[in-house]
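>>> Whatever this is, show me its structure:
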Amino acid sequence: MSQPERILGIDPGTVVMGFGVIERVGSELRLIDLGSVKFAASKESVERLGDILASVEELLDRFQPTSLAVEAPFFGKNVQSMLKLGRAQGVVLSAGLRRGLTVAEYPPAVVKRRISGRGAASKEQLAGFLEAMYTIPIDPKRALDATDALAVATCHALTVQRTATLSAAGALPAKKKSSARASSWAKFLAQNPDREA
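All right, here's what the predicted structure looks like:
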């Protein structure tokens, strides 16, 4: 029997941050917990970064995950929203890296496609798939940040499982050779050692 992998999924945000914790043993997935953390909207967004870090560290201490999966922001929001969300995501990723965890990020469309088969599934549809997958009642109106976090954790588990299965079957594609541009750069550095940064 393989060792269990505990995955903490995070849907970063500066006002609400969702989290979902699952355990993967072989091909079996088990829900440990899900929820959300709210931050004081009255604080400046930069001040909330410290609160986000403290909350992520508390989740890491409480659940002792082996992997951290984070939902990447999607490009469609205004620049200020993207900047704030990117900062929150950076805090979350850094907390996991400092603990030596396996850290992965997934765009929302990839998460939706891995869970539902459709990259354009709504948050409510995604919550419905997760409810069926984990056989638990999920109120999507109350817990969309939490279900997004559970979805990213599940996406990571399924991705790792699929990669392991393909690798064991020898079905992974061969690694691509370095691009001509990369090899040209390497050639340039070899010919000009004094130019190396």
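
>>> Now do stretch 102-122: distance from first to last residue.
28 Å (CA to CA, to the nearest Å).

>>> what comes into contact with it?
66-72, 74, 89, 93, 96-97, 125-126, 129-130, 133, 148, 151-152, 154-156, 158-159 (CB atoms under 8 Å, 6 or more residues apart in numbering). Bear in mind the C-beta positions are built from the backbone N, C-alpha and C, glycine included.

>>> tell me the contacts of Y134?
Neighbour list for Y134: L29, R30, L31, L150 [criterion: CB under 8 Å, 6+ apart].

>>> Filter those down to just the buried residues.
L29, L31, L150 (16 or more other CB atoms under 10 Å).

>>> Surely the first one and A157 touch.
What that stands for is L29. Yes - in this structure L29 lies within contact range of A157 using CB atoms under 8 Å: 5.7 Å.

>>> Any chance you could list residues touching both of the two?
Residues touching both L29 and A157 (CB under 8 Å, 6+ apart) are I22.

>>> on that earlier part again, would you turn the buried ones among the contacts of Y134 into TSV with pLDDT and secondary structure?
Formatted as TSV, the buried ones among the contacts of Y134 follow (pLDDT from 0 to 100; DSSP: H, G, I helix; E, B strand; the rest coil):
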residue	pLDDT	secondary structure
L29	94	strand
L31	95	strand
L150	95	helix
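
>>> which one among these gets closest to A54?
The closest of these to A54 turns out to be L150 (CB to CB; 21.9 Å).

>>> buried set for stretch 17-29?
M17, G18, F19, G20, V21, I22, E23, R24, L29.

>>> chain center to it: distance?
12 Å (CA atoms, centre = their mean, to the nearest Å).

>>> Tell me which two of the contacts of Y134 sit farthest apart.
Largest separation among the contacts of Y134 by CB to CB: R30 and L150, giving 11.9 Å.

>>> Need the overlap of contacts for those two.
Joint contacts of R30 and L150 (CB under 8 Å, 6+ apart) are I22, Y134.

>>> one step back: ok, the buried ones among the contacts of Y134 vs V79, which is closest?
When the buried ones among the contacts of Y134 are compared for distance to V79 (CB to CB), L150 wins out at 29.0 Å.

>>> gap between the residue nearest to the closest one when sequence neighbours are not counted and A151?
Nearest residue to L150, sequence neighbours excluded (CB to CB, 6 or more residues apart in numbering): G20, at 3.0 Å. Distance of G20 to A151, given as CB to CB, to the nearest Å: 7 Å.

>>> which secondary element of this structure has the worst mean pLDDT?
Averaged element by element with mean pLDDT, DSSP states H and E, the chain has its least confident helix or strand at helix 180-191 (a mean of 60).

>>> can you pull up the bridge partners for the one residue sitting closest to the centre of the chain?
In the chain, the residue lying closest to the centroid (CA atoms, centre = their mean) is V70, at 2.1 Å. Beta-bridge pairing of V70 under DSSP bridges involves I10, E105.
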